[in-house]
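Student: got a predicted structure here, sequence first:
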Amino acid sequence: MVPSVLIIDDEKHTREGLQQALEEHYDVSVASSADEAFNLMDAQEPDVIVTDLRMPGKSGLKVIDKALALPGKPVVVMMTAYGNIESAVEAMKRGAFDFLTKPVNLEKLEILIQRALKTKTLEVEVKQLHERLDEKFSFGGIVGNSPKLRDVIDRVKLVAPSKATILIEGETGAGKELIAQAIHQASPRARAPFVAVHCAALPPTLLESELFGHERGAFTGATERRIGRFEAADGGTLFLDEISEISPATQVKLLRFLETKAIERIGGMKLIQLDVRLVAATNKNPEQMVKDGALREDLFFRLNVVRITMPPLRERAEDVPLLLDHYMKLFSEENNVPPLTIEPGAMRQLQAYAWPGNIRELRNFVENAVVLRRGGKLTEFDLEPKFRGGAAPAGTAASAAAAATPEAMANPLSVEENEKRLLRESLIKARGNRTKAAEFMGISRRTLHRKLAQWPELDVIDR
């Protein structure tokens, strides 16, 4: 699309001369006054405005105000007589991109327009990037609607605007870093850096330097000054994952920062004041860590100002279908393959599975399924044995005993549910072959057909 330029000048020969000079490369329109220009701007926003400063009626300063009020915020280049440089500087303060003195040098004007267009494009890209980041790490980016997850999100909304230090606990893969990012994005620090440090990934000697930085010559190999993660996060949020891996010496430095809001680089003598919000996370019980001597008690109290517990996936099974659908769409788009459909039987198995690796395990499972199957349907027969919940194989004494427990016999609904479970397990074991499934259950094929008619959700395609 050809960039559009609006030229505003009360002198006819100036505006027409500029129009002729620029129209080969731009879609150029002209106006003889600010009011005429306003009508053109309302009808169709230009990308760049080149306007005279002094004109009868409204001045070029009013043009700047109007341009900045438009949704697309056109870039304004000011033209002024040589003696009005102070006014041009005022226009720059008001929001003009740059200015030129009259008579206008056409080569300089074209260079300015090109720069202005690049600036406008960059601003649009930055805005879109922030919007994508906001979408990714806002509450809308946390997939799930279970009561336990809603409680976590409600707590995040309460604490995010504050400056309080936060401790997030939860199992590995449960989504602790995503919650930390959501806290950052919902806080006044959202446009400042979010810096994550995975403490378990670094040995203690490197971790201290990574966090606090070092001066040149502080130790062997320190050939130059290095800025640490604390300084990199100034104005924003520092997320420390797996704090149980921090050495006692580094814990002391961390405690000092929480008390003074200042750090010293390794080998340095100068205190560096910082504005950093600290969010820490652990997959262990913090109180037990204190008892075991892995975490200083005074540091624990400093970190534990606000505590958020991220529930494991097995405690919010109702979120599993939502997460499966989310990652199925994500990886299908990434790999440019058709979406993979999960059949109801497979979905029940996946929802009943404990997911010991939590969301990280589920994400890996979906990516593997999308890449290897490349479309089609995923049935319960396609799942690994671990997803079948460890139930006793159909047709065994253990399975028969499970169906005949006093609790089951006392409740007709329990008997029915157990019979359905046995039928499902038999069909799985027989890989959909109804004759074999009937043999496993010790019933006739006709009885099996009657049961399938009664429970159509168990019906499967022969393989």
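Tutor: Now that the structure is in, tell me what you want to look at.
Student: which of the helices or strands spans the closest residue to residue 233 other than its chain neighbours?
Tutor: Nearest non-adjacent residue to residue 233, counting by Cβ to Cβ, 6 or more residues apart in numbering: residue 195, 4.0 Å away. Just so you know, the C-beta spots here come from the backbone N, C-alpha and C atoms, and that holds for glycine as well. Residue 195 belongs to strand 194-198 when elements are defined using DSSP states H and E.
Student: show me which positions of the helix or strand just after that strand end up buried.
Tutor: Following strand 194-198 in sequence order, the next helix or strand is helix 204-212 (DSSP H and E). Within helix 204-212, the residues that qualify as buried by neighbour count (16 or more other Cβ atoms under 10 Å) are 207-212.
Student: so how far is helix 204-212 from its chain's centroid?
Tutor: Distance of helix 204-212 from the chain centroid (Cα atoms, centre = their mean, to the nearest Å) equals 27 Å.
Student: got the contact list for that helix?
Tutor: The contact list for helix 204-212, computed with Cβ atoms under 8 Å, 6 or more residues apart in numbering, reads 197, 199, 202, 226, 228-230, 245-247, 249-250, 253-254, 263-266.
Student: in helices, which of those residues appear?
Tutor: Among the contacts of helix 204-212, the members found in helices (DSSP state H) are 229-230, 249-250, 253-254.
Student: of all the buried residues of helix 204-212, which two lie farthest apart?
Tutor: 207 and 212 (9.5 Å; Cβ to Cβ).
Student: give me the below-cutoff pLDDT ranges for this structure.
Tutor: Under the criterion pLDDT under 70, the flagged ranges of the chain are 82-85, 125-141, 389-418, 457, 459-463.
Student: quick check on the ones in helices among the contacts of helix 204-212: which are buried?
Tutor: Buried members of the ones in helices among the contacts of helix 204-212, scored by 16+ other Cβ under 10 Å, are 229-230, 250, 253-254.
Student: so which bits of stretch 189-201 are buried?
Tutor: Residues of stretch 189-201 classed as buried: 189-190, 192, 194-197, 199 (neighbour count, 16+ other Cβ under 10 Å).
Student: all helices for the stretch 201-350 of the chain, in order.
Tutor: Assigned by DSSP state H, counting those that start in this stretch, the stretch 201-350 of the chain shows helices spanning 204-212, 229-232, 248-260, 286-292, 297-303, 320-335, 344-352.
Student: how many other residues sit next to residue 369?
Tutor: Burial of residue 369, expressed as a neighbour count using other Cβ atoms under 10 Å, amounts to 20.
Student: for it, what are its contacts?
Tutor: Contacts for residue 369 were tallied using Cβ under 8 Å, 6+ apart; they are 340, 378.
Student: quick check: it is in a helix.
Tutor: Yes. Residue 369: assigned to a helix according to DSSP: H, G, I helix; E, B strand; the rest coil.
Student: quick one: contacts for residue 276?
Tutor: When contacts are taken as Cβ under 8 Å, 6+ apart, residue 276 is in contact with 230, 233-238, 257, 261.
Student: switch the cut-off to 6 Å
Tutor: 230, 233, 238 (Cβ atoms under 6 Å, 6 or more residues apart in numbering).
Student: make a markdown table out of these and add distance to residue 95.
Tutor: A markdown table is the format used below for the contacts of residue 276 (distance: Cβ to Cβ, whole Å):
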| residue | distance to residue 95 |
| --- | --- |
| 230 | 36 |
| 233 | 31 |
| 238 | 35 |
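Student: strands along the stretch 1-150 of the chain, start to end?
Tutor: Taking DSSP state E, counting those that start in this stretch to define them, one finds strands in the stretch 1-150 of the chain at 4-8, 27-31, 48-52, 75-80, 98-101.
Student: give the other helices and strands that the shortest one contacts.
Tutor: Under the contact criterion of 3 or more Cβ pairs under 6 Å, 6 or more residues apart in numbering; DSSP states H and E, strand 98-101 touches strand 75-80.
Student: show me what the strand it packs on is packed against.
Tutor: With contacts defined as 3+ Cβ pairs under 6 Å, 6+ apart, the packing partners of strand 75-80 are strand 48-52, helix 60-69, helix 85-94, strand 98-101, helix 106-137.
Student: for the strand holding residue 195, name the packing helices and strands.
Tutor: Under the contact definition 3+ Cβ pairs under 6 Å, 6+ apart, strand 194-198 sits against helix 229-232, strand 237-241.
Student: got the angle between it and strand 237-241?
Tutor: Angle between the axes of strand 194-198 and strand 237-241 is 20 degrees (criterion: axes from the mean of the first three to the mean of the last three Cα atoms, to 10 degrees).
Student: list the neighbouring strands of strand 194-198 plus their orientation.
Tutor: Strand 194-198 pairs in its sheet with strand 237-241 (parallel), by DSSP bridges.
Student: off-centre distance for the strand it pairs with?
Tutor: Relative to its chain's centre, strand 237-241 lies at 15 Å (Cα atoms, centre = their mean).
Student: using TSV, lay out the buried ones among the ones in helices among the contacts of helix 204-212 together with distance to residue 277.
Tutor: Output for those, formatted as TSV (distance: Cβ to Cβ, whole Å):
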residue	distance to residue 277
229	13
230	11
250	19
253	18
254	14
